[in-house]
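[1] need a 3D model of the sequence below.
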Amino acid sequence: MTLMVAAGVAGGQSVGKSAVSRERAKGCAIAKSMLLNFVVWSQDRQHFREVPVWQLPGSQAFFFVAGMTIDADGAPNAYGPNDTGLDDMANAGVPSHWDGIMTDRDGNPLLQEESDPFPGYYISCTSLSDHGKKPTDPTGYVDASKVPYVVLPNDLADRGGARLGDFAVVMNLGNGKWSYAIYADIGTIGEGSIALADKLGIWSDARRGGESDGILYLVFPGSGNLQPRTIDEIQNEAEKLLRDWGGLERLFSCRENHNPAVSAAPAKSSPESSATRTWDCASNRYFLVPADERNMLASSSRTTRPRNGAIVGTSLKAEYDRSCR
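    Here you go, the predicted structure:
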């Protein structure tokens, strides 16, 4: 089904930049205010740039422009023994600390059974999960290969008031393609699911794909219900939110005059912590817990090698602890 939104067409399609109103663009540039500056460092820690995060008057929605690292978490075939999954096992953690897959009480990765989608593969988790399913059910997590989702650093989500399950709209400024999405995982700034990358015309290989810059993320804090949603629900809810916010025309008009150039890092200006890693499942061992303790915000960062020139963002100390249970 094709959905029409403001001056746009259905998610995943492209919109001509000629649709942007110059007058409205001028007004947006004057009206927008900065929520925060997120510092992004190169992998060698020698260069950095700032990612401004913006808001408009009268709206809690925030937006920013960054690259896109590809996240495979939640896909039942994301990680497999002998590195056979969609993504590199290095992105699932290490034997002393697995963070992208479920483990037993002794820290051993759990394998899917014959009745599961990919028997023999590990159970890959996302920070957002279905309250009504067992923690060992691979279908209880948000499948990166099917659902367009975004990833946010914990400190950015906390500052902006975003919760897991909130809705978003993401646009590729290079080709005009865009998509609705859901906030389903905690990690670095500028990260999205395989399905989201496909809709945006980005190489969606979780090992080698991604985009270094030019992806606009618009997030609607407080719009979700802390639960995974169907693709139809994501489209319907995000469509309403985008329309009320001003539509695609406003989104185009509010993109910053984007300059992806990086700057040399001043001496001794580097944060004390190293390039961050995303602990998607801060304590991912299988324990029975009350339902109201599920889906809490958690620590994040991800030491995946930046793909296609993407650079890794720093993150403040996490204020929440959440298991990917």
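
[2] against which helices or strands is the helix or strand residue 40 falls within packed?
    In this assignment (DSSP states H and E), residue 40 forms part of strand 33-41. The helices and strands touching strand 33-41, judged by 3 or more CB pairs under 8 Å, 6 or more residues apart in numbering; DSSP states H and E, are strand 47-55, strand 62-71, helix 154-160, strand 312-313. All C-beta spots, glycine's among them, are computed from the backbone N, C-alpha and C.

[3] which other residues reach whatever helix or strand comes next after the second one?
    Later in the chain than strand 62-71, the nearest helix or strand by DSSP H and E is strand 93-94. Judged by CB atoms under 8 Å, 6 or more residues apart in numbering, the contacts made with strand 93-94 from elsewhere in the structure are 99, 100, 101.

[4] partners of strand 93-94 in the sheet?
    strand 97-98 (antiparallel) (DSSP bridges).

[5] let's test this: mean pLDDT of the partner strand, rounded?
    The predicted model assigns strand 97-98 a mean pLDDT of 88.

[6] what about the helices in the stretch 101-250 of the chain?
    154-160, 194-199, 231-245, 247-253 (DSSP state H, counting those that start in this stretch).

[7] just name the most buried of these.
    Across the helices of the stretch 101-250 of the chain, averaging neighbours per residue (mean count of other CB atoms under 10 Å) puts helix 194-199 on top, at a mean of 24.

[8] what does that helix contact?
    Against helix 194-199 from outside (CB under 8 Å, 6+ apart): 11-12, 68, 70-72, 75, 86, 143-150, 170, 177-179, 181, 203-204, 206, 209-211.

[9] give the PyMOL command for selecting the buried subset of these.
    In PyMOL, a selection of the buried entries from those looks like this (16 or more other CB atoms under 10 Å):
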select buried, resi 11+12+68+70+71+72+75+86+143+144+145+147+148+149+150+170+177+178+179+181+204+206+209+210+211
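
[10] counting only strands, which of the contacts of helix 194-199 make the cut?
    Among those, DSSP state E puts 68, 70, 71, 149, 150, 170, 178, 179, 181, 211 in strands.

[11] greatest separation within those: which pair is it?
    By the measure CB to CB, the ones in strands among the contacts of helix 194-199 have their two most distant members at 71 and 178, which lie 18.4 Å apart.

[12] neighbours of the nearest residue to residue 41 once chain neighbours are set aside, how many?
    Closest residue to residue 41 apart from its sequence neighbours, by CB to CB, 6 or more residues apart in numbering: residue 48 at 4.8 Å. With neighbours defined by other CB atoms under 10 Å, the count for residue 48 comes to 20.
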